[in-house]
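S.K.: Any chance you could fold what I've pasted below:
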Amino acid sequence: MIESLIPAFIPVISDGVRALFNKFTGNAGAKPANISEVLQLMKAETEKLKALAELDKMGNVSQWVADFRAMMRPATCIIIVGGYVGAVALSAAADTQVQLAQYAQMVTFYLFGDRTWQYIRGKN
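M.R.: Down below sits the predicted model:
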């Protein structure tokens, strides 16, 4: 099970390494230097959110299609993690467990790692 949890800590480790580099080089990272740059970044973020909203519209889509599309990622994650837990519980073949462990690592990283770290840092 530990191999499924390790990927969740990759964002924390990468942030720590980045902080060490920033400390030793005196670099604060990419930050806007003036108000004009702050406004440009805010405008770019707004345009990005508008583009994402337009992707959800996609013309005349039935509500059940939109709902199905929205549930594809969570359902896939549940199936993959459930398959891994089931394979371990049922003592499936080692090759099957290794492959499912790799998929479960990806899902664990997607669900818990990056998003949790961004939430903790207050950048959500």
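
S.K.: Could you look up the SS state of the most centrally placed residue in the chain?
M.R.: Centroid-nearest residue in the chain: Tyr110, 3.9 Å away (criterion: C-alpha atoms, centre = their mean). What DSSP: H, G, I helix; E, B strand; the rest coil gives for Tyr110 is helix.

S.K.: contacting residues around the nearest residue to it once chain neighbours are set aside?
M.R.: Nearest non-adjacent residue to Tyr110, counting by C-beta to C-beta, 6 or more residues apart in numbering: Cys77, 7.1 Å away. Any C-beta I mention is one placed from the backbone N, CA and C, and that applies to glycine too. Going by C-beta atoms under 8 Å, 6 or more residues apart in numbering, Cys77 touches Val107, Tyr110, Leu111.

S.K.: Kindly reformat those residues as TSV and extend each row with pLDDT and distance to Val88.
M.R.: Below are those laid out as TSV (pLDDT from 0 to 100; distance: C-beta to C-beta, whole Å):
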residue	pLDDT	distance to Val88
Val107	80	15
Tyr110	73	20
Leu111	72	18
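
S.K.: What is the nearest of these to Glu45?
M.R.: Minimum distance to Glu45 across the contacts of Cys77 is 22.1 Å, recorded for Tyr110 (C-beta to C-beta).

S.K.: could you check the distance from that closest one over to Gly82?
M.R.: 15 Å (C-beta to C-beta, to the nearest Å).

S.K.: Next, give phi and psi for the residue nearest to Tyr110.
M.R.: phi -60, psi -40 (degrees, to the nearest 10).

S.K.: For Arg18, see how far away Phe24 is.
M.R.: Taking C-beta to C-beta, one finds Phe24 at 11 Å from Arg18.
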